[in-house]
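Enquirer: model the following, please.
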Amino acid sequence: MFCGSLRRPVRRPSEDVADLIDVGANLTHDSFRDDLAEVIERAAGSGVRRLIVTGTSLAASAAAVALSRSSPDTLWATAGVHPHSAADYDDAVEDALRLLLRDPRVVAAGECGLDYHRDYAPRDVQRRAFARQLELAAASGRPLFLHQRDAHGDFLALLREQGSRLPGGVAHCFTNGPAEVAEYLGIGLYIGITGWICDERRASELRAAVACIPLDRIVVETDSPYLLPRTLRPLPRSRRNEPGMLPEIVRTLAGFMGRSPEVVAEATTRNAEKLFGLSSGLQ
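Expert: Predicted coordinates for the structure are as follows:
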């Protein structure tokens, strides 16, 4: 299949997709408050044995770190300020983030970036907060967990300003097409695929783009509790996504890549281990 083409997925539900790593799960979200232990247990039972808990504000980042300490063989954390909260970013927040990024439980700086879709913070404020977090990442040596929506040009320009100072990262929840894939790969980013790939209503660009992503540059994530894979049968009543649903994403992704789920699972796990410095093998 050539880059940018779109084909009917080849489904191989019997393939082994064990030992997956969910590189982005919002496990500090209120929807997990009453059954988080069961959620993590279900994930392990589905072959998702390692998870990275996303930090989206100073408070959420601190909570993600604390949660990761409760299960050190299973959970890790990111630390950053999401563009929706960019107006909260100040010197005190930056100092606190700098300390969090030194914590061995923190494997990435973020979630940070630009979001011009909702504009919850003014765009100039978003750009300043993002630029400062890029500086933090460069100083800390932590890879980036990046958010971009409807802001591709400014996002790419800020990343290019830092150039080789940045320690790599992942374009989290990538939803765009082949042209954007090429540009992100060109600056050394990994591409994060979520349940968006399972959405027949809005994933046509992404489904065409995944053929352009080399196996050694792709990782998978649920972004739970968001982006429930629409291909799941039956769909859960709660419509809450959780890490145990990652195999459905891998199988759907594999179909559009023209690969077996086992090959994609092995590659994405190996890539996550390399990018985030996680130990290899079952934990």
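Enquirer: OK, contacts around the nearest residue to residue 228 once chain neighbours are set aside?
Expert: Ranked by CB to CB, 6 or more residues apart in numbering and with sequence neighbours excluded, the top spatial neighbour of residue 228 is residue 241, at 4.1 Å. The way it works is simple: take the backbone N, C-alpha and C, and place the C-beta from them, glycine included. Going by CB atoms under 8 Å, 6 or more residues apart in numbering, residue 241 touches 195, 222-229.
Enquirer: redo these as JSON lines? Include pLDDT and distance to residue 115.
Expert: Formatted as JSON lines, the contacts of residue 241 follow (pLDDT from 0 to 100; distance: CB to CB, whole Å):
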{"residue": "195", "pLDDT": "98", "distance to residue 115": "19"}
{"residue": "222", "pLDDT": "99", "distance to residue 115": "19"}
{"residue": "223", "pLDDT": "99", "distance to residue 115": "14"}
{"residue": "224", "pLDDT": "98", "distance to residue 115": "19"}
{"residue": "225", "pLDDT": "98", "distance to residue 115": "19"}
{"residue": "226", "pLDDT": "98", "distance to residue 115": "14"}
{"residue": "227", "pLDDT": "97", "distance to residue 115": "15"}
{"residue": "228", "pLDDT": "97", "distance to residue 115": "21"}
{"residue": "229", "pLDDT": "97", "distance to residue 115": "23"}
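Enquirer: just give me the closest of those residues to residue 183.
Expert: Minimum distance to residue 183 across the contacts of residue 241 is 21.9 Å, recorded for residue 223 (CB to CB).
Enquirer: the closest one: how many residues sit nearby?
Expert: Using other CB atoms under 10 Å, residue 223 is surrounded by 22 other residues.
Enquirer: now do the one 3 residues further on
Expert: The number of residues packed around residue 226, counting by other CB under 10 Å, is 17.
Enquirer: what's the farthest-apart pair in the contacts of residue 241?
Expert: Across these, no pair lies farther apart than 225 and 229, at 12.5 Å, counting by CB to CB.
Enquirer: which one of these two has more residues nearby?
Expert: residue 229 (22 against 19).
Enquirer: pull up the gap between the more buried one and residue 107, please.
Expert: Going from residue 229 to residue 107 by CB to CB, to the nearest Å gives 25 Å.
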